[in-house]
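Undergrad: predicted model, plus sequence, below.
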Amino acid sequence: MLEGFQEKYINPFTDYGFKRLFGEEYNKELLLGFLNELLKDQQGPIEQITYLKSEQLGAGALDRRAVFDLYCESESGEKFIVEIQKSKQKFFKDRTVYYSTFPIRDQAKQGEWNYQLKAVYTVAILDFVFDEDKAESAKFRYDVKLSDIETHKVFYDKLTFIYLEMPKFQKTADECKTLFEKWLYVLKNLHRLDRIPERFRERIFKKLFAAAEIARFTPAEAMQYEDSLKYFRDLKNSFDTAKEEGEAEGEAKGEAKGEAKGEAKKGREIAANMLAIDIPDSVIQKVTGLTLADIHDLKLRAPYGTLSPHRSGNPGGSVSGGPAPRATTPRKSKKRKT
């Protein structure tokens, strides 16, 4: 082990570590093995990949550029962007969508062209969890394609985004059964290990652990990794500090937030009762302070039988088009006295 390093293997979440394992020509087999396991259910076997220029320039001099962590192409022309993201970024999903436009645009041909495209895959390996995904503690992989909202059928299958939220992957080495699970375990825990786990004796992992061993680095490589590791640690410390400060501020505001949540809950309960007796949405909004979107959400969540036939979505009712017409009962005719 080189002097100054406590770990035996590099951290894949550092820029240098990730690119050494997956971005070097002599380690191309590692990236090929990872992509084949990741995409085996939606892409045929990838036989060969070619690394492409990772810096993409806009169409004009004033356009923004994009710098990918890894960018490669299969033998049949499919494009793959692989990103490793260490810290939470507010618009990271927007960034991945923006990145995907470059390999799409690059497929344009001069002269006559029928607009046929090869598939584009954007893979994001995340060292954080999106806020909107925290409730799904067991789901760490998200595959996203363009699809129809109503039928959920895939509308276009040549544009794919895959997000791997690594903090959610909690399996031990002994619990990993598939090659894909082993890949995730290695990515998450490599820098914490001091030897290859007994169950990871496949040739691909022997090659990976050999490439990741810091003792094999030249002095120049060790210096590059040290700089990358320092940047990673500084970034992580900054993120942890901001998180702690945010939690402290949250505790100070907790009581006020609790009261606000109580008022909001009370407003939803009142609105649910008003919906049950067919009060118009506009009146409910004025009484409770809820938005029309909140009221619509209550309608969707209401159990069958709680609301009136019009409110519960039976024929003749209205859910999203404003208040439903009130049910009426025929008046009894009064007999005149003679």
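TA: Great, that's in hand. Everything quoted here is computed from the prediction, not taken from an experiment. Numbering: from 1, shown residues only.
Undergrad: only C-alpha atoms for contact and neighbour calcs from this point on.
TA: Fine.
Undergrad: how many residues are close by residue 18?
TA: Residue 18: 20 surrounding residues under other Cα atoms under 10 Å.
Undergrad: pretty sure it is in a strand, no?
TA: No. Looking at residue 18 with DSSP: H, G, I helix; E, B strand; the rest coil, it is helix, so not inside a strand.
Undergrad: thinking it is in contact with residue 27, fair?
TA: No. Here residue 18 lies out of contact with residue 27, judged by Cα atoms under 8 Å, at a distance of 11.1 Å.
Undergrad: overlap of the contact sets of the two?
TA: Counting by Cα atoms under 8 Å, 6 or more residues apart in numbering, residue 18 and residue 27 have no contacts in common.
Undergrad: so which residues of this protein form strands?
TA: Listed in chain order, the strands of the chain (DSSP state E) span 49-51, 55-56, 66-67, 70-74, 79-85, 120-126, 141-147, 154-165.
Undergrad: give me the contact list for stretch 25-40.
TA: 20-23, 45-49, 51, 179-180, 183, 204, 207-208, 211.
Undergrad: quick check: mean pLDDT of that stretch?
TA: For stretch 25-40, mean pLDDT rounds to 95.
Undergrad: can you list the buried residues in that stretch?
TA: 27-38 (16 or more other Cα atoms under 10 Å).
Undergrad: go on, stretch 200-213?
TA: 200, 205, 208-209, 211-213.
Undergrad: stretch 102-112 now?
TA: For stretch 102-112, by 16+ other Cα under 10 Å, it's 102-103.
Undergrad: got the end-to-end distance for it?
TA: Stretch 102-112 has an end-to-end distance of 20 Å (criterion: Cα to Cα, to the nearest Å).
Undergrad: do the same with stretch 100-109
TA: So stretch 100-109: terminal residues 18 Å apart, Cα to Cα.
Undergrad: figure out how far that stretch is from the centre of its chain.
TA: 23 Å (Cα atoms, centre = their mean, to the nearest Å).
Undergrad: coming back round to it: which one of the strands of the chain lies closest to residue 284?
TA: With Cα to Cα as the measure, strand 141-147 is the member of those nearest residue 284 (34.6 Å).
Undergrad: this completes my enquiry, with thanks.
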